[in-house]
Each structure stands twice: as C-alpha cells, then as structure tokens.
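A.B. asks: Dropping the sequence and predicted coords here.
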2 protein chains.
Amino acid sequence: MTTDHGDVNTPIFMPVGTQATVKTLSPEDLVSIGAEIILSNTYHLFLRPGHELIRDFGGVQKFMAWNRPVLTDSGGFQVFSLAELRKITEEGVTFQSPIDGGAKHLITPEYAIEIQEALGADIIMAFDECTPYPATRDYAEESLERTLRWAKRCAAAKKETGQALFGIVQGGIYPELRRHSAGALVDTGFDGYAIGGLSVGETKPLMYEMIEATVPSLPEDRPRYLMGVGTPEDLVEGVARGIDMFDCVMPTRNARNGTFFTSFGKVAIRNARYERDKQPIDPECGCSTCRNFSRAYLRHLFNASEVLALRLGTIHNLFFYLELMRNIRQSVEQGRFVEFKAEFLAKREQASS
Amino acid sequence: MTTDHGDVNTPIFMPVGTQATVKTLSPEDLVSIGAEIILSNTYHLFLRPGHELIRDFGGVQKFMAWNRPVLTDSGGFQVFSLAELRKITEEGVTFQSPIDGGAKHLITPEYAIEIQEALGADIIMAFDECTPYPATRDYAEESLERTLRWAKRCAAAKKETGQALFGIVQGGIYPELRRHSAGALVDTGFDGYAIGGLSVGETKPLMYEMIEATVPSLPEDRPRYLMGVGTPEDLVEGVARGIDMFDCVMPTRNARNGTFFTSFGKVAIRNARYERDKQPIDPECGCSTCRNFSRAYLRHLFNASEVLALRLGTIHNLFFYLELMRNIRQSVEQGRFVEFKAEFLAKREQASS
C-alpha cells in the first residue's frame, strides 16, 4: 500500500495507539521494532485532546511525532461499547462522554468523516455499528442495512483530502449477510474493505467461516483488513484466507499484564519459576528486550511495579507480532506460505501440549 | 574517578535507580542522556529481589544491563525512615519489612557491607544513621558517635572486592560535630567521603553552612559526595563549596508529576495554558523529548494517564540536570566557574520573579 507517509508492506499488523501513543512506546521504539503503520482511535482523540486541536497540529502523525502511516477507526466500536450510555437512530449515535462530565455528543456518519479528516490519518474508516454477538438474524440485518446506508453517507461526505476511505463489512455470523454487505460496499466503492464484528465472542471456526464467506466478494486489488484480530494463529489463518491487514490490543495489553508471546507459547513472567532465570523471554527472539534482559530482571520489574517493565514487555510482544508478519510475507514472496503455515501451527500445537 | 566499569567525570549528578532501574528509563535511555553513574538502593534490593539473587547474576550492573558504574547507599536512610518499625542498638538496626509480610531483619554494619558486596556496586557506603531534623545536640552527638563506631566496623568488615568504600559525615546542624565527624572518618580512612543528613528540613543557608563546616576537614584528593541534594541551585552552590558528587530523586520524581525543570524555571505541564502550545518544554534544551514533542502533546499524555509521559518527562529532567553538570565541569575546566555561577543564579532569580 502507498500512502502520503510512505509505503506499507502487506500482510501487515498494526500496533494500536489508542490515545495518539502506542502505550509505553515512543515513535523511535516503534521504528526500532519495525512498525510500518499504527492504528489510533477516533473516539478517544475526539474526546481528548479533541480533533480540532490535532488538526491545528497538522494531524495525528505530527502531533505524536510519528512520521509513518496511521489508520483511524471510525469511533463506532467504542461508541457502541458504551451500552447504556448511547442511543442509535438513523441519523447517527448519541452518547454521553465518560470523561468530560457526561457531555452529550451526536456522531453522524458525516461527522465521523469530518473528525477523521481533522485527525488526518492516511486511512480512515466508514462509521459502522459493530454488530454485537450474539445477535438475532433480524437484528444483524437491520443493523447491517443501516451500516450500509451510513457507509454511503460517509463516501458522499468525504472530501478530497488524499486519505483512503475503507468500508466495513458487517453481518454478524450470517454468511449470506456478510456476502450481501461486502457486495453492497463494493458497489458503492471504497479504497479498501474491512471485516468488522469478529473476534467478539464467537468460536474460531465460526470466525474463519465468516472470513471465508466475505473475502471472495471483495476485490483482489484492494486491501482487506480484519479488524481487532487476533492471536498469532489468527494472523496466520487470516492471511491464509486472504487478509492483508490486522490490528489488535492483544500483544500490547498482554505485555502490560506480564504475559509474553514466544516461539514456544506464552510466558507469564510473574511465575515463581522465573525468579532466577537468566534466559531472555524467548531465546529465539531478536528484540532489544531479549538481547539485553533476563526473565528474572523482568519478573523483578513487574513485581516491583516498575513502569519500565511495561515498555520492555510491549517491545517484545509487538516485535513478536511484527516479526511473525515479516516471516509470513517472506514465505508468501518465496511461494512457501502453505509450508510455513503448516510448520507454524504444528509448532504452536506442540508448545501448548 | 576511575572504577571497574569506567571513568566518571566530576562534579557529577547520579540519577537514582532505587529498584535496579531509574524509574521509566532503560539503560539505553540513560546512556543517551549522558548518565555516567547511577545510584541504587541497598534497602530496596535487599528486600526485593534479594542481594543473593543479584550476586548470582554477577552484580546489579549485569542484573539491570547497565555497563557503567553504580553506587549503592548503605540502606540506613530507608531503614531509619521506617520510624515506628525499627529499633536501634549498638549492634545495628532491627526493622520490620513493609513488603514481605512483616518479616524482621537485623542490619548490622557488617551485614550492610556484605549485602553491598553481593550487590557489587563500584562505590559502596558505610552504614550510618541519618540524624533526623530537628535533633538536639545531645542526640546528634550520640547518634554521630555510634555512626563513627559503625563506620570503623564497616571498614574492618570490607573484603578486597575492588569496590570503593565511602564514609558518611553526620552531625546534624552542629558545625563542631560535623568537623569532628569528618576528622574521625579521615582518621579511619575511606576512599571517599559523603555528607549525609542534609536537605532533610533545615533552611538552605543552614545546609550551605554545614557543607562549609565539613569540606575543609576532608582530603582534597578524595571525592566528596553530598547525599540526597538537590535543586539545580543546590548543585551549583554545592560545587562552589567543593562537592564532587550529588544524587537526588527531585528530577525523576518531579518528572513523573509533570513538573519540568527548564532554563527559565519550572513548567507544570498539566496547566491549561499549554493546551495548544507547539513549543517543546524548553526551547533551549537539546534532549530527545524537546527535539521531538510539543508541550501540548506532553500535556495530553499526562491528562490521558499514558505512561510514555513519565518517560519523556524523566528524560527531559535528567538531561537538564546532567547538562547542568556538564556546563559546570566545562566552566571549571575553563577557569570561569565563578562567572558561570553568578550568571546562572541571576538567570534563575530573574525567572522566578
């Protein structure tokens, strides 16, 4: 993918930088682990510090001193998560802010685009309802149809800013709704297509089935983005099904809880077995945390509530995800992704047994 | 000063790395801001992760992956701060640990040395009582005499480890006790001499008076270390009175509260006036935080409780302190310290008016 802030190799994993910062990391840290694009959250930036302020700084990239591409979500996911605090109408969603004294805000599709144009990300997303799980077929369809009407309004509202606009496929766990959603979005025409509403409680086979139901309806020459997914296995399974882009808080959130991804499964660093362990988190890992620090030292930092622990862990987990994507890309380029996938899954299987 | 982990230029400021980490910073960060030596706390490392564990890792430098010199305090200051939880006898101090379920520990001068030998710092400190302020002359004298007997026991207990052992001058706010303390320590003979028990509540003039009462009794060819001090002004005033080494939590603790030191006084970054401020914390500063980030972005990170804020602030404040010491050293080398001091204090005076 080509953007105003440089090229992005696909398939790619996007670290999540909710509040214009990938938690604990500086832009320099992100460059050092090989991050090419990050995601930031429209909802959070809208509430604080405000999209007008960020526009005034020349966009979120300049505001946070990150010179590479950024994607912003539409804010829909967070607004809908507010549950009791929000109300959906055809016009948009009214919600009460949890941080500025309960002020009421109305986000319409047009306003979601305006906010994202102010934030200035390279890729922006259409305003959608992330259909909850479980949802009846009737609700999934009603929600989906509204999301499709909103998607058209987003496309119509968008100005010539040079930003790419992605549509979001919804439809719950109903393959025919997924196909319908994808087809309708393609008819409207977007720069890329996301698959939303997955990894929200459904089983893995169901999630993979929904991806399989959707991808064939999406054009081959546009990026396909699986939102909010997932585990290392999910990334491999997603690429196998034609996905180009992923984002997920899993590596960063797990890191801050002291749970690390490794080539041999997860490591819960607070475990007493690591008390005197001189090995790095993962002896096979090339990240700066594994090159410099022992499990015992990391365990000590977590036990002592030292914030350095959070950063060192985040560097490791994100490096693990980004390195996995680099390995996937290499195997695709060399025409041996099928073998890579089989080997990878066998190794994970073995590690977890 | 020359140590097994490299040379240290004096006068020097030592960032405080209480729990084998200078809060929020990696060793790489410390190198990038020009830190030459850090202080770590014996008391904290003794309780967690334990000095035997750190010995097993080859010392605190290897444990934390910091390849430059370290100084450990004796643990006395923290033990005595426990107030109700500790009991002083001639033998040593018994205290109840606040972190491991109230276990009782007895720290004797000999044990303080044994612990510090296990921790393996390049410079270790004699076990002392930090005389509280205010203290009667009688108590200050009684405490001081015991500290002197302890200092002798420390010197006698120390093995040939290649570590430097510093004695600590006490004596409260009584010049004749300070002189007596310094003289007695010099008679015993140490590799360096610290001035303890200051910046604990007394006025600045009284603190400076105590330094002046002590320094002439200390040998010119040994480092003089003013413990736990202080403000930027204190560093300049201390050097003017013959001090070679300083440590203080002020720059790091203030940074984590969002208070930054600058060439024009303090900046409280949460202040609303910085909401849209595109300038760096200090336009005259060359640190990586000031080269990359605006006050508005830092304010946003603090308001959003993002831990990156703590690290960026710490980098700035420590850089400010270390840069001040570099400027002091340069002015000393160029024989213009008197002018430097006058200029510096006039500028501070102007900034605070």
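C.D. replies: Now that the structure is in, tell me what you want to look at.

A.B. asks: Hmm, A:Asn9 is touching A:Gly34, no?
C.D. replies: No: if you go by Cβ atoms under 8 Å, A:Asn9 and A:Gly34 don't touch, sitting 9.9 Å apart. All C-beta atoms are positioned from the backbone trio N, CA, C, and that covers glycine.

A.B. asks: ok now do A:Ser199, which residues does it touch?
C.D. replies: A:207, A:228-230, A:234, A:248 (Cβ atoms under 8 Å, 6 or more residues apart in numbering or on different chains).

A.B. asks: Excluding sequence neighbours, find me the nearest residue to A:Asn327.
C.D. replies: Excluding the flanking residues, the one nearest A:Asn327 by Cβ to Cβ, 6 or more residues apart in numbering or on different chains is A:Phe340, at 6.9 Å.

A.B. asks: any idea how far the one you found is from chain B?
C.D. replies: Taking Cβ to the nearest Cβ, to the nearest Å as the measure, A:Phe340 falls 33 Å from chain B.

A.B. asks: Kindly report the same for A:Ser181.
C.D. replies: Separation of A:Ser181 from chain B (Cβ to the nearest Cβ): 34 Å.

A.B. asks: average pLDDT across whichever strand or helix holds that residue?
C.D. replies: Assessed by DSSP states H and E, A:Ser181 sits inside helix A:175-188. Mean per-residue pLDDT for helix A:175-188: 98.

A.B. asks: Please name every helix or strand in contact with it.
C.D. replies: Other helices and strands packing on helix A:175-188, by 3 or more Cβ pairs under 8 Å, 6 or more residues apart in numbering or on different chains; DSSP states H and E, are helix A:137-157, strand A:164-169, strand A:192-195, helix A:204-214.

A.B. asks: out of these, deepest packed?
C.D. replies: Comparing these by mean neighbour count (mean count of other Cβ atoms under 10 Å in any protein chain shown), strand A:164-169 ranks first with a mean of 27.

A.B. asks: Report the mean per-residue pLDDT for that strand.
C.D. replies: The model assigns strand A:164-169 a mean pLDDT of 98.

A.B. asks: got the angle between that strand and helix A:175-188?
C.D. replies: Between strand A:164-169 and helix A:175-188, the angle comes out at 150 degrees (axes from the mean of the first three to the mean of the last three Cα atoms, to 10 degrees).

A.B. asks: Show me the contact partners of strand A:164-169.
C.D. replies: Contacts to strand A:164-169, defined as Cβ under 8 Å, 6+ apart, come from residues A:3, A:74, A:113, A:122-126, A:128, A:147, A:151, A:154-155, A:158, A:178, A:181-182, A:185, A:188, A:190-196, A:214, A:218, A:223, A:225, A:227.

A.B. asks: Quick check: can you list the domain ranges of chain A?
C.D. replies: As assigned by automatic domain parsing, chain A contains the domains A:2-248, A:258-352.

A.B. asks: hang on, the earlier thing: narrow the contacts of strand A:164-169 to those that are buried.
C.D. replies: A:3, A:74, A:113, A:122-126, A:128, A:147, A:151, A:154-155, A:158, A:178, A:181-182, A:185, A:190-196, A:214, A:218, A:223, A:225, A:227 (16 or more other Cβ atoms under 10 Å in any protein chain shown).

A.B. asks: From chain B, how far out is the residue nearest in space to the middle of chain A?
C.D. replies: In chain A, the residue lying closest to the centroid (Cα atoms, centre = their mean) is A:Asp247, at 2.1 Å. Going from A:Asp247 to chain B by Cβ to the nearest Cβ gives 18 Å.

A.B. asks: Which pLDDT value goes with that residue?
C.D. replies: We have a pLDDT of 98 for A:Asp247.

A.B. asks: Backbone torsions only: list them for it.
C.D. replies: Dihedral angles of A:Asp247 (phi, psi; degrees, to the nearest 10) stand at phi -150, psi 150.

A.B. asks: ditto for A:Gly102
C.D. replies: Dihedral angles of A:Gly102 (phi, psi; degrees, to the nearest 10) stand at phi 80, psi 20.

A.B. asks: I'd guessed it sits against A:Leu82; true?
C.D. replies: No: using Cβ under 8 Å, A:Gly102 makes no contact with A:Leu82, being 11.6 Å away.

A.B. asks: shared neighbours of those two, anything?
C.D. replies: Both A:Gly102 and A:Leu82 are in contact with A:Gln96, where contact means Cβ under 8 Å, 6+ apart.

A.B. asks: neighbour-wise, which of those two wins?
C.D. replies: Set A:Gly102 next to A:Leu82 and count neighbours by other Cβ atoms under 10 Å in any protein chain shown: A:Leu82 wins out with 15 against 9.

A.B. asks: contacting residues around that one?
C.D. replies: Counting by Cβ under 8 Å, 6+ apart, A:Leu82 has contacts A:95-96, A:98.

A.B. asks: do that again at 10 Å, thanks
C.D. replies: Shown in contact with A:Leu82 (Cβ atoms under 10 Å, 6 or more residues apart in numbering or on different chains): A:43, A:93, A:95-98.

A.B. asks: quick revisit: please enumerate the shared neighbours of A:Asn9 and A:Gly34.
C.D. replies: A:325-326.

A.B. asks: and the residue of the stretch 101-250 of chain A found nearest chain B, what does it touch?
C.D. replies: Using Cβ to the nearest Cβ, A:Leu119 is the residue of the stretch 101-250 of chain A that sits closest to chain B, at 13.2 Å. By Cβ under 10 Å, 6+ apart, the contact set of A:Leu119 is A:20, A:40-42, A:45-46, A:51, A:54-55, A:59-61, A:63, A:70, A:72, A:163.
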